[in-house]
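K.L.:
the following block contains a protein sequence and its predicted model.
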Amino acid sequence: MTIPPETGTVDTPHADTTAVTIKKNHAADGRPRDNNDPRSKQQRGNQPRRDRRDVHGWVVLDKPIGMTSTQAVAVAKRLFQAKRAGHAGTLDPLASGGLPIALGEATKTVPFVMDGRKRYRFTVTWGAERDTDDTEGRVVETSENRPDAAAIRALLPQFTGRIEQTPPRYSAIKIQGERAYDLARDGEVVELQPRPVEIHELILVDQPDPDHSVFEAECGKGTYVRALARDMGRILGCYGHISALRRTLVGPFTENDMIPLEQLEALCNRAASGEGSLADALLPVETALDDIPALAVTRADAARLHRGQAVLLRGRDAPQSSGTVYVTVAGRLLALAEIGNGELIPKRVFNLTGLTASSGRNERD
């Protein structure tokens, strides 16, 4: 396996740009902010700036509906006073659930989480297709037809396994350097090509009324659940769009790892007053590497790896396999490395000086 390029953040969905622009250009009371107003500059200048610090680990936020992924990362970064932060897989504002946020050195492991499976529980509203494929968009097609459970279940095998999927027009995919959602907002016709995605499981779990169906899906990287709703509606002849969406699994992170925003804020406030530790909210950096073999090395070899030098693998205990491993010394994460031709070659070295997950969080439920 090849080490993927380092990624600290990922693309934002169709609603992020608008939300951030409103925040920047309007004051707290909702009125437009005059950025040239000396009074506003003075007010900003009087606000104390808290020193940023080294914080390393994962926080799996149970993102609330209405918050963009970018805003969620900003909140976590502020609460931890962290120098660096990013997220592993965008959630649209209307979606809730697991948003893994990487702090500090954990940003080096973001690609491993993004490449993992994701699981969603979502509701499709039948009878209308929207241009965004969710409730935020404009209705473009309608139908009086409604599918029954038998027709839906008969359709699901067509959307299971490796399939071709055309991403929504309002997506973060680039077309000649421009985001598809920006082009769509400007009224341009967006033509996106189908691409292969992997749907590991798609099941109908509830049919509360003729207008709504609830599904669960487990899928691979690059799958758009919004596109699933759109395409099922077209084939069933009734049209459809996503009206509720919750992510319940991202790579190694499950619902048991999620922490609601209110609980995270309360924990951080208690820690600030000396009642507890922020480390209790963190999962270790190496949690993202659950599917990668671990290799322990001596302190002497660790020193070489830390300097970016390869280490020869000799003796009876030398691993016979090749590929990616994460390296530890005295039980502490040191590096991501490649084994090849009898050598251990460092690719990413971690510097975990600062706040890390508490020792108790190394053993997950």
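P.N.:
Yep, that arrived. Residues are numbered from 1 along each chain as shown.

K.L.:
how about the helices in the stretch 251-365 of the chain?
P.N.:
Remark: helices assigned in the stretch 251-365 of the chain by DSSP state H, counting those that start in this stretch are 261-272, 299-306.

K.L.:
for these, please prepare TSV with the additional fields mean pLDDT and distance to A72.
P.N.:
All C-beta atoms are positioned from the backbone trio N, CA, C, and that covers glycine. Shown next, in TSV, are the helices of the stretch 251-365 of the chain (pLDDT from 0 to 100; distance: least, Cβ to Cβ, whole Å):
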stretch	mean pLDDT	distance to A72
helix 261-272	90	8
helix 299-306	93	33
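
K.L.:
mind putting those helices in CSV, mean neighbour count and distance to I65 included?
P.N.:
Listed next are the helices of the stretch 251-365 of the chain as CSV, based on neighbours: other Cβ atoms under 10 Å; distance: least, Cβ to Cβ, whole Å:
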stretch, mean neighbour count, distance to I65
helix 261-272, 15, 11
helix 299-306, 15, 44
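
K.L.:
what about the strands in the stretch 151-300 of the chain?
P.N.:
Under the criterion DSSP state E, counting those that start in this stretch, strands of the stretch 151-300 of the chain are mapped to 161-165, 174-175, 178-179, 195-209, 212-219, 240-250, 253-254, 258-260, 294-296.

K.L.:
quick one: which of the helices of the stretch 251-365 of the chain is nearest L278?
P.N.:
Set against L278 and scored by Cβ to Cβ, those come closest in helix 261-272, at 4.7 Å.

K.L.:
who touches the closest one?
P.N.:
Residues outside helix 261-272 that contact it (Cβ atoms under 8 Å, 6 or more residues apart in numbering): 59, 61-64, 67, 72, 75-76, 79-80, 259, 276-278, 280-281.

K.L.:
can you check stretch 230-240 too?
P.N.:
Outside stretch 230-240, the residues within contact range by Cβ under 8 Å, 6+ apart are 124-129, 133, 141-143, 145-147, 151-152, 155, 158-159, 165-166, 168, 229, 241.

K.L.:
return the distance of it from the chain's centre.
P.N.:
In terms of Cα atoms, centre = their mean, to the nearest Å, the centre of stretch 230-240 is found 28 Å from the chain centre.

K.L.:
any idea of the mean pLDDT for it?
P.N.:
What stretch 230-240 shows for mean pLDDT is 97.

K.L.:
now stretch 57-73
P.N.:
Stretch 57-73 comes out at a mean pLDDT of 95.

K.L.:
quick one, which of the helices of the stretch 251-365 of the chain is nearest to V349?
P.N.:
Nearest to V349, of all those, is helix 299-306, at 5.8 Å by Cβ to Cβ.

K.L.:
about what we covered before: export the helices of the stretch 251-365 of the chain as CSV, with columns for distance to A330.
P.N.:
Listed next are these as CSV, based on distance: least, Cβ to Cβ, whole Å:
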stretch, distance to A330
helix 261-272, 27
helix 299-306, 7
